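J.: Fold the following for me, if possible:
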Amino acid sequence: MTKDKLTPIHEYHLNRYQPDKPQFAIHDLSQYLNKNQRDTSKPHIHSYYQIIWFKRGTGKHFVDFRQYDVSDNAIFFISKNQVHYFDQKTDYAGILIHFNEAFLVQKDNKVDFFLKYNLFNNPYQLPSCSISQGIDHILDEYITQIRRELQNEESFGKEELIRIYLKAFLIQVQRRIHDFERNATAVPFTLDDKKIYLIKFVNLIDDNYTKGLTVAEYAQLLHISSRTLSDLTNHTLGKTPSQMIQERLILEAQRLLLHSNLNVNQIGYRLGFDDPSYFVKYFKKHTKLSPSDFRKSVS
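T.: Next up, the predicted model:
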(Lines give C-alpha, C1' and ligand atoms only; values in the text may rest on other atoms or scores of the structure.)
Protein backbone atom coordinates (compact mmCIF):
# COMPACT_ATOMS: atom_id res chain seq x y z
CA MET A 1 0.00 0.00 0.00
CA THR A 2 1.18 3.50 -0.72
CA LYS A 3 0.43 6.76 0.97
CA ASP A 4 -1.38 9.47 -1.02
CA LYS A 5 -1.03 7.38 -4.15
CA LEU A 6 -4.37 8.37 -5.64
CA THR A 7 -3.96 11.30 -8.00
CA PRO A 8 -7.08 11.44 -10.17
CA ILE A 9 -8.06 14.39 -12.31
CA HIS A 10 -10.09 16.52 -9.92
CA GLU A 11 -13.56 17.51 -11.00
CA TYR A 12 -13.23 20.53 -8.73
CA HIS A 13 -10.17 21.66 -6.82
CA LEU A 14 -8.49 24.60 -5.11
CA ASN A 15 -4.93 23.43 -5.60
CA ARG A 16 -2.80 20.33 -5.75
CA TYR A 17 -1.98 18.60 -2.48
CA GLN A 18 0.87 20.33 -0.68
CA PRO A 19 1.57 19.43 2.95
CA ASP A 20 1.40 22.84 4.60
CA LYS A 21 -1.10 24.61 2.36
CA PRO A 22 -4.91 24.52 2.53
CA GLN A 23 -6.20 21.69 0.36
CA PHE A 24 -9.71 20.87 -0.78
CA ALA A 25 -11.20 18.71 -3.52
CA ILE A 26 -14.64 17.32 -4.28
CA HIS A 27 -15.43 14.44 -6.63
CA ASP A 28 -18.38 12.57 -8.02
CA LEU A 29 -18.05 9.24 -6.20
CA SER A 30 -19.01 7.00 -9.12
CA GLN A 31 -16.60 8.71 -11.52
CA TYR A 32 -13.84 8.63 -8.93
CA LEU A 33 -14.25 4.90 -8.26
CA ASN A 34 -14.46 4.04 -11.95
CA LYS A 35 -11.28 5.96 -12.64
CA ASN A 36 -9.33 4.67 -9.65
CA GLN A 37 -10.79 1.25 -8.88
CA ARG A 38 -7.41 -0.47 -9.01
CA ASP A 39 -6.18 1.69 -6.13
CA THR A 40 -9.36 2.38 -4.17
CA SER A 41 -10.16 -1.32 -3.76
CA LYS A 42 -6.81 -1.90 -2.04
CA PRO A 43 -5.95 -0.74 1.50
CA HIS A 44 -4.47 2.76 1.31
CA ILE A 45 -3.76 5.70 3.55
CA HIS A 46 -3.94 9.50 3.15
CA SER A 47 -2.46 12.49 4.93
CA TYR A 48 -5.79 14.32 4.62
CA TYR A 49 -9.37 13.84 5.78
CA GLN A 50 -12.16 12.35 3.67
CA ILE A 51 -15.94 12.55 3.73
CA ILE A 52 -17.53 9.76 1.67
CA TRP A 53 -21.26 10.25 1.14
CA PHE A 54 -22.84 7.13 -0.36
CA LYS A 55 -26.11 8.58 -1.63
CA ARG A 56 -27.21 5.34 -3.29
CA GLY A 57 -25.85 1.81 -3.21
CA THR A 58 -25.22 -1.03 -0.81
CA GLY A 59 -21.99 -2.84 -0.09
CA LYS A 60 -19.05 -2.77 2.29
CA HIS A 61 -16.41 -0.23 3.26
CA PHE A 62 -13.28 -1.06 5.25
CA VAL A 63 -11.71 1.24 7.84
CA ASP A 64 -8.65 0.29 9.90
CA PHE A 65 -9.09 -3.41 9.06
CA ARG A 66 -12.77 -3.52 10.06
CA GLN A 67 -15.73 -4.03 7.74
CA TYR A 68 -18.74 -1.69 7.79
CA ASP A 69 -22.01 -1.82 5.88
CA VAL A 70 -22.75 0.73 3.17
CA SER A 71 -26.37 1.72 2.61
CA ASP A 72 -28.24 4.59 1.00
CA ASN A 73 -27.24 7.93 2.51
CA ALA A 74 -24.42 6.51 4.61
CA ILE A 75 -21.61 8.98 5.29
CA PHE A 76 -18.13 7.83 6.27
CA PHE A 77 -15.59 10.08 7.97
CA ILE A 78 -12.01 9.00 7.34
CA SER A 79 -9.31 10.65 9.41
CA LYS A 80 -5.81 11.27 8.12
CA ASN A 81 -3.56 8.20 8.39
CA GLN A 82 -6.49 5.80 8.70
CA VAL A 83 -6.30 2.75 6.45
CA HIS A 84 -9.41 2.31 4.34
CA TYR A 85 -10.61 0.88 1.05
CA PHE A 86 -13.74 0.37 -1.04
CA ASP A 87 -15.23 -2.91 -2.16
CA GLN A 88 -15.13 -3.80 -5.86
CA LYS A 89 -18.41 -2.05 -6.67
CA THR A 90 -18.31 1.13 -8.74
CA ASP A 91 -22.04 1.75 -9.15
CA TYR A 92 -22.32 3.87 -6.02
CA ALA A 93 -23.80 7.34 -6.41
CA GLY A 94 -22.46 9.99 -4.11
CA ILE A 95 -19.87 12.56 -3.18
CA LEU A 96 -16.24 12.29 -2.07
CA ILE A 97 -14.58 15.25 -0.33
CA HIS A 98 -10.86 15.56 0.47
CA PHE A 99 -9.45 18.29 2.69
CA ASN A 100 -6.53 18.79 5.02
CA GLU A 101 -6.42 20.26 8.49
CA ALA A 102 -4.86 23.50 7.26
CA PHE A 103 -7.93 24.12 5.11
CA LEU A 104 -10.56 23.80 7.83
CA VAL A 105 -8.75 24.87 11.00
CA GLN A 106 -7.89 28.56 11.07
CA LYS A 107 -6.57 29.12 14.59
CA ASP A 108 -9.94 28.02 15.92
CA ASN A 109 -9.54 25.66 18.86
CA LYS A 110 -13.19 24.63 18.86
CA VAL A 111 -13.10 23.66 15.21
CA ASP A 112 -9.74 21.96 15.71
CA PHE A 113 -11.25 19.87 18.49
CA PHE A 114 -14.39 19.20 16.42
CA LEU A 115 -12.39 18.09 13.39
CA LYS A 116 -10.01 15.78 15.19
CA TYR A 117 -12.21 14.18 17.79
CA ASN A 118 -15.93 14.57 17.16
CA LEU A 119 -16.71 13.04 13.76
CA PHE A 120 -13.31 11.80 12.67
CA ASN A 121 -11.72 8.92 14.57
CA ASN A 122 -14.02 9.43 17.54
CA PRO A 123 -13.77 6.65 20.17
CA TYR A 124 -17.49 7.10 20.92
CA GLN A 125 -18.80 6.68 17.39
CA LEU A 126 -18.52 4.43 14.38
CA PRO A 127 -16.67 5.92 11.40
CA SER A 128 -20.01 6.26 9.61
CA CYS A 129 -23.59 7.31 10.13
CA SER A 130 -26.83 7.17 8.17
CA ILE A 131 -28.65 10.43 7.58
CA SER A 132 -31.67 8.69 5.99
CA GLN A 133 -33.64 11.37 4.17
CA GLY A 134 -33.87 13.85 6.98
CA ILE A 135 -31.17 16.34 6.02
CA ASP A 136 -29.97 15.16 2.62
CA HIS A 137 -31.50 18.18 0.87
CA ILE A 138 -29.68 20.52 3.26
CA LEU A 139 -26.35 18.78 2.67
CA ASP A 140 -26.98 18.82 -1.08
CA GLU A 141 -27.41 22.58 -0.92
CA TYR A 142 -24.00 22.96 0.75
CA ILE A 143 -22.45 20.77 -1.97
CA THR A 144 -24.09 22.92 -4.65
CA GLN A 145 -22.73 26.09 -3.06
CA ILE A 146 -19.24 24.59 -2.76
CA ARG A 147 -19.25 23.61 -6.44
CA ARG A 148 -20.48 27.05 -7.42
CA GLU A 149 -17.61 28.67 -5.56
CA LEU A 150 -15.04 26.29 -7.02
CA GLN A 151 -16.14 27.19 -10.54
CA ASN A 152 -15.35 30.85 -9.88
CA GLU A 153 -11.60 31.02 -10.35
CA GLU A 154 -10.76 34.35 -8.74
CA SER A 155 -13.80 35.26 -6.65
CA PHE A 156 -13.21 37.31 -3.50
CA GLY A 157 -13.49 35.18 -0.35
CA LYS A 158 -13.82 31.94 -2.30
CA GLU A 159 -11.78 29.76 0.04
CA GLU A 160 -13.44 31.20 3.14
CA LEU A 161 -16.93 30.52 1.80
CA ILE A 162 -16.03 26.93 0.93
CA ARG A 163 -14.64 26.52 4.44
CA ILE A 164 -17.90 27.85 5.92
CA TYR A 165 -20.00 25.48 3.80
CA LEU A 166 -17.82 22.54 4.80
CA LYS A 167 -18.12 23.42 8.50
CA ALA A 168 -21.88 23.75 8.09
CA PHE A 169 -22.01 20.32 6.41
CA LEU A 170 -20.15 18.73 9.34
CA ILE A 171 -22.27 20.51 11.94
CA GLN A 172 -25.51 19.39 10.29
CA VAL A 173 -24.32 15.78 10.30
CA GLN A 174 -23.28 16.02 13.95
CA ARG A 175 -26.72 17.39 14.81
CA ARG A 176 -28.27 14.40 13.03
CA ILE A 177 -26.14 12.03 15.12
CA HIS A 178 -27.14 13.83 18.32
CA ASP A 179 -30.82 13.64 17.42
CA PHE A 180 -30.57 9.93 16.62
CA GLU A 181 -28.79 9.17 19.89
CA ARG A 182 -31.30 11.22 21.86
CA ASN A 183 -34.23 9.41 20.24
CA ALA A 184 -32.55 6.08 20.95
CA THR A 185 -32.31 7.10 24.63
CA ALA A 186 -28.53 6.86 24.40
CA VAL A 187 -26.28 9.46 25.94
CA PRO A 188 -25.49 11.99 23.20
CA PHE A 189 -21.96 13.13 22.49
CA THR A 190 -21.65 16.22 24.65
CA LEU A 191 -18.29 17.44 25.78
CA ASP A 192 -18.59 16.88 29.52
CA ASP A 193 -15.49 16.57 31.71
CA LYS A 194 -15.32 12.78 31.49
CA LYS A 195 -15.44 12.70 27.72
CA ILE A 196 -12.90 15.50 27.44
CA TYR A 197 -10.54 13.51 29.67
CA LEU A 198 -11.08 10.43 27.54
CA ILE A 199 -10.37 12.33 24.34
CA LYS A 200 -7.25 13.83 25.91
CA PHE A 201 -6.16 10.31 26.86
CA VAL A 202 -6.69 9.11 23.27
CA ASN A 203 -4.65 12.07 22.06
CA LEU A 204 -1.86 11.31 24.54
CA ILE A 205 -1.77 7.69 23.36
CA ASP A 206 -1.39 8.91 19.77
CA ASP A 207 1.56 11.06 20.81
CA ASN A 208 3.29 8.53 23.10
CA TYR A 209 2.34 4.94 22.24
CA THR A 210 5.88 4.09 21.09
CA LYS A 211 7.44 5.27 24.36
CA GLY A 212 6.21 2.45 26.59
CA LEU A 213 4.53 4.76 29.12
CA THR A 214 2.66 3.07 31.96
CA VAL A 215 -0.98 3.72 32.79
CA ALA A 216 0.23 5.62 35.88
CA GLU A 217 2.39 7.87 33.68
CA TYR A 218 -0.53 8.61 31.37
CA ALA A 219 -2.70 9.40 34.38
CA GLN A 220 -0.02 11.76 35.67
CA LEU A 221 0.01 13.59 32.34
CA LEU A 222 -3.76 13.99 32.66
CA HIS A 223 -3.42 15.14 36.31
CA ILE A 224 -5.75 12.39 37.51
CA SER A 225 -5.22 9.13 39.39
CA SER A 226 -4.72 5.77 37.70
CA ARG A 227 -7.96 4.59 39.32
CA THR A 228 -9.87 7.53 37.88
CA LEU A 229 -8.46 6.83 34.42
CA SER A 230 -9.35 3.14 34.65
CA ASP A 231 -12.89 3.94 35.80
CA LEU A 232 -13.25 6.41 32.96
CA THR A 233 -12.26 4.03 30.16
CA ASN A 234 -14.16 1.10 31.65
CA HIS A 235 -17.40 3.04 32.08
CA THR A 236 -17.30 4.77 28.71
CA LEU A 237 -15.74 2.19 26.40
CA GLY A 238 -15.67 -1.03 28.38
CA LYS A 239 -11.89 -1.19 28.06
CA THR A 240 -8.94 -0.79 30.38
CA PRO A 241 -6.36 1.94 29.69
CA SER A 242 -3.84 -0.83 28.94
CA GLN A 243 -6.14 -2.29 26.28
CA MET A 244 -6.45 1.10 24.59
CA ILE A 245 -2.66 1.52 24.53
CA GLN A 246 -2.21 -2.00 23.15
CA GLU A 247 -4.87 -1.49 20.48
CA ARG A 248 -3.19 1.71 19.27
CA LEU A 249 0.19 0.00 19.11
CA ILE A 250 -1.20 -2.96 17.16
CA LEU A 251 -3.09 -0.66 14.80
CA GLU A 252 0.10 1.23 13.97
CA ALA A 253 1.95 -2.05 13.48
CA GLN A 254 -0.76 -3.16 11.02
CA ARG A 255 -0.56 0.16 9.18
CA LEU A 256 3.22 -0.06 8.87
CA LEU A 257 3.09 -3.66 7.73
CA LEU A 258 0.62 -2.59 5.09
CA HIS A 259 1.91 0.71 3.73
CA SER A 260 5.65 0.71 4.43
CA ASN A 261 8.61 -1.16 3.03
CA LEU A 262 10.12 -1.65 6.47
CA ASN A 263 10.92 -5.21 7.46
CA VAL A 264 9.40 -6.73 10.60
CA ASN A 265 12.46 -5.99 12.75
CA GLN A 266 12.51 -2.35 11.65
CA ILE A 267 8.82 -1.97 12.43
CA GLY A 268 9.40 -3.44 15.88
CA TYR A 269 12.20 -0.96 16.57
CA ARG A 270 10.09 1.96 15.31
CA LEU A 271 7.30 0.98 17.69
CA GLY A 272 9.64 0.94 20.68
CA PHE A 273 10.44 -2.79 20.93
CA ASP A 274 14.10 -3.39 21.76
CA ASP A 275 13.76 -7.10 20.99
CA PRO A 276 12.29 -7.88 17.52
CA SER A 277 11.32 -11.39 18.63
CA TYR A 278 9.23 -9.92 21.44
CA PHE A 279 7.46 -7.66 18.93
CA VAL A 280 6.55 -10.75 16.86
CA LYS A 281 5.17 -12.51 19.96
CA TYR A 282 3.30 -9.38 21.05
CA PHE A 283 1.73 -8.91 17.63
CA LYS A 284 0.72 -12.57 17.34
CA LYS A 285 -0.78 -12.56 20.83
CA HIS A 286 -3.13 -9.72 19.91
CA THR A 287 -3.95 -10.57 16.28
CA LYS A 288 -3.50 -14.37 16.13
CA LEU A 289 -1.18 -13.84 13.14
CA SER A 290 2.54 -13.24 12.92
CA PRO A 291 3.54 -9.88 11.37
CA SER A 292 4.73 -11.67 8.22
CA ASP A 293 1.50 -13.62 7.89
CA PHE A 294 -0.55 -10.48 8.42
CA ARG A 295 1.41 -8.66 5.71
CA LYS A 296 0.78 -11.55 3.31
CA SER A 297 -2.93 -11.69 4.16
CA VAL A 298 -3.55 -8.08 3.11
CA SER A 299 -1.09 -7.75 0.24
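J.: okay, which residue is most central for the chain?
T.: Ranked by distance to the mean C-alpha position of the chain (CA atoms, centre = their mean), the top residue is Ser79 at 2.4 Å.
J.: For Asp274, which three-state class applies?
T.: Going by DSSP: H, G, I helix; E, B strand; the rest coil, the secondary structure assigned to Asp274 is coil.
J.: So what's the residue count around it?
T.: Asp274: 9 surrounding residues under other CB atoms under 10 Å. Where C-beta positions appear, they are placed from N, C-alpha and C, glycine not excepted.
J.: Can you tell me how far Glu153 is from Ile164?
T.: Counting by CB to CB, to the nearest Å, the gap between Glu153 and Ile164 amounts to 19 Å.
J.: Could you pick out the longest helix of this structure?
T.: With residue count as the measure and DSSP state H as the assignment, the chain has helix 158-183 as its longest helix.
J.: give me phi/psi at Thr58?
T.: Geometry field for Thr58 lists phi and psi as phi -130, psi 150, criterion degrees, to the nearest 10.
J.: tell me the phi and psi of the residue lying closest to Leu161 once chain neighbours are set aside?
T.: In this structure, Leu161 finds its nearest non-sequential neighbour in Glu149, 5.2 Å apart by CB to CB, 6 or more residues apart in numbering. Note on Glu149: its backbone torsions stand at phi -70, psi -40 [degrees, to the nearest 10].
J.: For Glu153 and Ile164, indicate the residue with more neighbours.
T.: With neighbours defined as other CB under 10 Å, Glu153 and Ile164 compare such that Ile164 has more, 15 against 6.
J.: the strands in the stretch 1-150 of the chain, which residues?
T.: Counting by DSSP state E, counting those that start in this stretch, the stretch 1-150 of the chain has strands at residues 12-13, 24-28, 44-45, 49-56, 59-63, 66-70, 74-78, 83-86, 93-99, 128-130.
J.: In the chain, where is pLDDT below threshold?
T.: Across the chain, the ranges flagged by pLDDT under 70 are 1-20, 106-118, 121-125, 132-133, 178-192, 299.
J.: what is Asp28 paired to in the beta sheet?
T.: With DSSP bridges as the criterion, the beta-bridge partners of Asp28 are Ile95.
J.: quick one: it and Tyr92 touch, right?
T.: No - at 10.1 Å, Asp28 does not count as touching Tyr92 under the criterion of CB atoms under 8 Å.
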